[in-house]
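Chemist: sharing a sequence plus its predicted fold:
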Amino acid sequence: MALGCPTNHAKWFQENDAPQNEGTDQGDDEMFGIGFKPQQPTRRAVEMTGAYDGGLATLSHGLMAGTRVASNLGWRAIDALTVGDKVLTFDHGMQAITEIRRAHMWLDAPDSAETLWPVVIPVDALGNREELTLLPDQGVMVESDAAQDMHGDPFAVITAISLIGLRGIRQRQPIHRVELIAVYFAQDEVIYAEGGALIHCPRDMSTLDKFLEAGPQTYQVLSGEAAEELADMMYLEDQMMVPADSAAFFATL
């Protein structure tokens, strides 16, 4: 299901279909071509790198090195971004990165516990033009009539692991360790990855001071029964909307 987006960013995506390594801050109207929401016992799993200077010992969100995100520099690999670069967000236009953290995940791959295996998002499952590999607890934004019925908003943020079984989304045994990059903004945001996937970036609450100073959350991440119920309803929606041959294809993944 394609995600609806505000039209004021449409040109960005039309002009940035291919990866770009450099560019200027062109303004939202000149940059993006997909829509925006209208304003309304386990083994070792993670090792922080030298880019991290304290706070929480692990990361529960982030994107794998090489994953491209929509930025003021065009489609840019997340590991090529630096603090101060601007990234296109779903609700708030271009926002500057305030902090970046890196970690190596699945240190004992391929012997990592199955509960820690990454979640694989096939091409087009969430509007993504390339396959995505996400942490199980990574929040992703989805659009669904069921979300509107259940929560009064057609857009909802749900954990990746809750989507297993939908549109070919599955867990896969890690073969080797990978680098994870988490970007932070002044508030929690949703950013675009690999074309149209919407990835939740929670605000930084790694220290007690940051936790106490944090304002209200912009997005509630659904998990557990609420997430499972929404995923089940999305599956039913897909069965009613997707042609039989496409449904059979996803069922084989």
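Modeler: Structure received. Numbering: from 1, shown residues only.
Chemist: what stretches of the stretch 151-253 of the chain score poorly on pLDDT?
Modeler: Applying pLDDT under 70 to the stretch 151-253 of the chain flags residues 205-215, 242-253.
Chemist: please redo it, this time with the cut-off set to 90
Modeler: 151, 175-178, 203-218, 220, 223-224, 239-253 (pLDDT under 90).
Chemist: now the strands for it?
Modeler: 155-159, 170-171, 178-184, 189-193, 197-201, 221-222 (DSSP state E, counting those that start in this stretch).
Chemist: and of those, who's closest to Thr89?
Modeler: strand 189-193 (4.2 Å; C-beta to C-beta). Bear in mind the C-beta positions are built from the backbone N, C-alpha and C, glycine included.
Chemist: and that closest one, what other elements does it pack with?
Modeler: strand 68-71, strand 86-89, strand 197-201 (3 or more C-beta pairs under 8 Å, 6 or more residues apart in numbering; DSSP states H and E).
Chemist: now the strands of the stretch 151-253 of the chain in CSV, with mean neighbour count and distance to Pro110?
Modeler: Listed next are the strands of the stretch 151-253 of the chain as CSV, based on neighbours: other C-beta atoms under 10 Å; distance: least, C-beta to C-beta, whole Å:
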stretch, mean neighbour count, distance to Pro110
strand 155-159, 24, 23
strand 170-171, 16, 13
strand 178-184, 22, 12
strand 189-193, 25, 25
strand 197-201, 25, 25
strand 221-222, 22, 29
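Chemist: out of these, flag the one nearest Ala147.
Modeler: strand 155-159 (4.1 Å).
Chemist: next, the angle from the closest one to strand 197-201.
Modeler: 70 degrees (axes from the mean of the first three to the mean of the last three C-alpha atoms, to 10 degrees).
Chemist: which parts of stretch 230-237 are buried?
Modeler: By neighbour count with 16 or more other C-beta atoms under 10 Å, stretch 230-237 contains the buried residues Leu230, Ala231, Met233, Met234.
Chemist: who's in contact with it?
Modeler: When contacts are defined by C-beta atoms under 8 Å, 6 or more residues apart in numbering, stretch 230-237 is touched by residues 1, 142, 144-147, 149-150, 156, 158, 162-163, 165-166, 222.
Chemist: before we move on, the earlier item: pull the most distant pair out of the buried residues of stretch 230-237.
Modeler: Greatest spacing in those, by C-beta to C-beta: Ala231 and Met233 (7.4 Å).
Chemist: for Asn16, find the nearest of the strands of the stretch 151-253 of the chain.
Modeler: strand 189-193 (10.3 Å).
Chemist: relative orientation of the closest one and strand 155-159 in degrees?
Modeler: 80 degrees.
Chemist: so strand 189-193 versus strand 178-184, what angle?
Modeler: Using the same axes, to 10 degrees: strand 189-193 against strand 178-184 is 140 degrees.
Chemist: CA atoms of strand 189-193 as CSV?
Modeler: Coordinates of the C-alpha atoms in strand 189-193 are reproduced here as CSV (Å, rounded to 0.1, in the frame of the first residue of the first chain):
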residue,chain,number,x,y,z
GLU,A,189,10.8,12.2,13.9
VAL,A,190,9.9,9.8,11.1
ILE,A,191,12.3,9.8,8.1
TYR,A,192,12.3,8.4,4.6
ALA,A,193,14.5,5.4,3.7
